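J.: quick one: sequence and predicted model below, then my questions.
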Amino acid sequence: MTIADRIADRTTRYAALPVFRAFADDRIPPARFSEFLREQAMAARWFQDLIWATTDVSEGPFAPFLARHRRVDSGHYKWANQDVAANGLPAMSVDDLFALERLSTRVQMARILAACHEASPEKRVVILAALESAGEVTLGGLNKYVKRHGLEKKNLYLGDHHLRLERGQHDAVADVAAAVMASTDDELLATVDLVFDALTTMFESGGRRIYASVFEEAS
């Protein structure tokens, strides 16, 4: 199995997570949608660090592309914070960010960040490709939800503009790193699994914590 195949397989399984299915099936009431935004804002802060870490390459064949990617894809936490405010929610405080209930989110995102430490350019670009593929699922599904329920003006982070940006980034990574995507290297395959295992655990636990009653009704 190639890196591209593994990312495609894990992306399909990621899209089938109960929390994403609940949004797709409109089992999350629109009145409760904003309850997810602070968790999303928490994840967006980490995601910004992951973008910076994966693009921290100053030389080699990927360096020019990664530098452009860093410029274009910086601002996640700011966009997420804008949506939190637009939905009438209090800003994320330090106590919110380090709340015990969000420890699982921090642990899972830290697993991915740690993989960037002294990583090769190839490993960094694989992490980035996996993140972008997963991000397209997350943003794409939530984008459809907010559009169905007329919530677009309050959720610009989940809007069409950001979704187009993410899709462009996803395709660009696959193109510039085509040789890496065709690799069957065991370490790189394990890196794909690490990213998706972490994101799966994070959204699974966060979704069930926030929407426990919804999942109980469906079981």
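T.: Received the coordinates, thanks.
J.: C-terminal to the host helix or strand of residue 132, what's the next element?
T.: Following DSSP states H and E, one finds residue 132 within helix 121-148. Under the assignment DSSP H and E, the closest C-terminal helix or strand after helix 121-148 is helix 160-176.
J.: kindly export that next one (C-alpha atoms) in CSV.
T.: The C-alpha trace of helix 160-176 is given here as CSV (Å, rounded to 0.1, in the frame of the first residue of the first chain):
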residue,chain,number,x,y,z
ASP,A,160,-17.0,28.1,1.4
HIS,A,161,-13.9,30.4,1.2
HIS,A,162,-12.0,28.4,3.8
LEU,A,163,-13.2,25.1,2.4
ARG,A,164,-11.9,26.1,-1.1
LEU,A,165,-8.6,27.0,0.5
GLU,A,166,-8.3,23.7,2.2
ARG,A,167,-9.1,21.7,-1.0
GLY,A,168,-6.5,23.7,-2.9
GLN,A,169,-3.9,22.9,-0.2
HIS,A,170,-4.8,19.2,-0.2
ASP,A,171,-4.4,19.0,-3.9
ALA,A,172,-1.2,21.0,-3.9
VAL,A,173,0.5,18.8,-1.3
ALA,A,174,-0.4,15.6,-3.2
ASP,A,175,1.0,17.2,-6.4
VAL,A,176,4.3,18.5,-5.0
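J.: relative orientation of that helix and helix 121-148 in degrees?
T.: Per axes from the mean of the first three to the mean of the last three C-alpha atoms, to 10 degrees, the angle that helix 160-176 makes with helix 121-148 is 150 degrees.
J.: what mean pLDDT does helix 160-176 get?
T.: Helix 160-176 shows a mean pLDDT of 78.
J.: please apply the same query to stretch 135-152.
T.: 92.
J.: list the buried residues in it.
T.: For stretch 135-152, a neighbour-count test (16 or more other C-beta atoms under 10 Å) marks 135-143, 145-146, 151 as buried. Just so you know, the C-beta spots here come from the backbone N, C-alpha and C atoms, and that holds for glycine as well.
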